[in-house]
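Novice: got a sequence here, can you build the structure:
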Amino acid sequence: MEKRLILRGVLAGAVAGFLAFVFARIFAEPQISRAIGYESGRDAAQAALDKAAGLPAEAAGAELFSRSVQADAGLGVGLVLFGTAMGAMFAVVYAVYLGRVGGLRPRSLALLVAGGGFLGLYLVPFLKYPASPPAIGHEDTIGARTGLYLIMVVCSLLFLGLAVWLGQRLRSRFGNWNATLLAAGAFVVAVGVVMALLPAVGQLAYNKEHFGRHTTETPLPLTDDGGRIVYPGFPADVLFSFRVYSVAAQLLLWSVLGLVFAPLAERALGQRAGATGAATRVGPVGA
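Specialist: Here you go, the predicted structure:
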């Protein structure tokens, strides 16, 4: 049965990834193009300043894939593969909790697992380290930023699992509603402590040394030696739109994953229950 559930999870994940790609291609990709345009203009302005100061110009890196390939095939394949992987993991978690969280129907459990996946894998880490378009982020901090984000993801998933366990433990004493509220409160407090302890991206050692203390790595206005602005800072509307569409794309992916997987799982489990019941009835006759 676990293999059948995983196959259904993979199918649901592929569908969810494709729909997330369609959404991202329409809404998020234009923001990425605007961010890349800003980055190109800023690099040109920086090169002009370096040339005026007599500094050697940095050689531009070779582009392995064109923007059209990145926006279409690259984004599409990436999101479909991501959805497929999340679907397989989703099905495993679903199989683990099936029958262990009260009297939930298989369809209801699927929707709850999808909500937990969106919350634990994306939304909570996003609140501390939100997604950023190109031009935001320094190459020298990629390793540190990746490590911090993974710490946030692991803590989020760990605390979410512990919250489910705590809710189950408290249910007999406080009832479903109060136990759920207590477990949710414990989750929020634990996540809040971790967020307070982890540094902001702009406060990493490299950033503090070269740019001062900031909350993010969003580029500030580029100035010349006289302090005059020669190129503006990163457009706030592009950053806001990109992050809104990023959240929306993930919400769409996890919603579709849960909604597609739910009836497939319920049907598979119903078929298994029917087959088991038939075997029970036929057994004595054959004997």
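Novice: alpha carbons only for contacts and neighbour counts from here, please
Specialist: Fine.
Novice: name the residues that touch the helix or strand harbouring residue 114?
Specialist: Under the criterion of DSSP states H and E, residue 114 resides in helix 106-117. Here helix 106-117 makes contact (C-alpha atoms under 8 Å, 6 or more residues apart in numbering) with 90, 93-94, 98, 160, 254-255, 257-259, 261-263, 265-266.
Novice: could you do stretch 75-83 as well?
Specialist: Contacts for stretch 75-83 (C-alpha under 8 Å, 6+ apart): 10, 13, 14, 15, 16, 17, 18, 20, 21, 22, 25, 253.
Novice: cutoff 7 Å now
Specialist: 13, 14, 16, 17, 18, 21 (C-alpha atoms under 7 Å, 6 or more residues apart in numbering).
Novice: only the C-alpha atoms, please, for that stretch, written as CSV.
Specialist: Extracted in CSV, the C-alpha atoms of stretch 75-83 (Å, rounded to 0.1, in the frame of the first residue of the first chain):
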residue,chain,number,x,y,z
LEU,A,75,11.9,26.9,-14.6
GLY,A,76,9.4,24.3,-15.8
VAL,A,77,11.7,21.2,-15.3
GLY,A,78,12.9,22.5,-12.0
LEU,A,79,9.4,23.1,-10.6
VAL,A,80,8.0,19.8,-11.9
LEU,A,81,11.0,17.9,-10.4
PHE,A,82,10.5,19.8,-7.2
GLY,A,83,6.8,19.0,-7.1
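Novice: residue 31: which of the contacts of helix 106-117 is nearest?
Specialist: residue 254 (22.2 Å; C-alpha to C-alpha).
Novice: my read: the closest one touches residue 120, true?
Specialist: No - Residue 254 is not in contact with residue 120 according to C-alpha atoms under 7 Å; the separation is 11.5 Å.
Novice: of these two, which one has the most company?
Specialist: Neighbours were counted for residue 254 and for residue 120 using other C-alpha atoms under 10 Å; residue 254 has more, 28 against 22.
Novice: low-confidence ranges in this structure?
Specialist: Within the chain, the segments meeting pLDDT under 70 span 1, 57-65, 67, 102, 271-287.
Novice: show me where it has helices.
Specialist: Taking DSSP state H as the test, the helices found in the chain are 2-23, 29-52, 67-69, 75-97, 106-117, 124-128, 142-197, 205-211, 236-286.
Novice: please name whichever of the ones you listed is nearest to residue 221.
Specialist: Among the helices of the chain, helix 29-52 sits nearest to residue 221 (C-alpha to C-alpha), with 9.4 Å.
Novice: angle of that closest one against helix 2-23?
Specialist: 60 degrees (axes from the mean of the first three to the mean of the last three C-alpha atoms, to 10 degrees).
Novice: distance between helix 29-52 and the chain's centre?
Specialist: Computed by C-alpha atoms, centre = their mean, to the nearest Å, the chain-centroid distance of helix 29-52 equals 27 Å.
Novice: may I see the buried residues of it?
Specialist: 29-36, 38-39, 42-43, 45-47, 49 (16 or more other C-alpha atoms under 10 Å).
Novice: next one: stretch 111-122
Specialist: Quick answer for stretch 111-122 (16+ other C-alpha under 10 Å): 111, 113, 114, 115, 116, 117, 118, 119, 120, 121, 122.
Novice: show the contacting residues for the residue nearest to residue 171 when sequence neighbours are not counted.
Specialist: Counting by C-alpha to C-alpha, 6 or more residues apart in numbering, residue 171 lies nearest to residue 179, which is 5.2 Å off, once chain neighbours are set aside. Contacts for residue 179 (C-alpha under 7 Å, 6+ apart) come out as 167, 170, 171.
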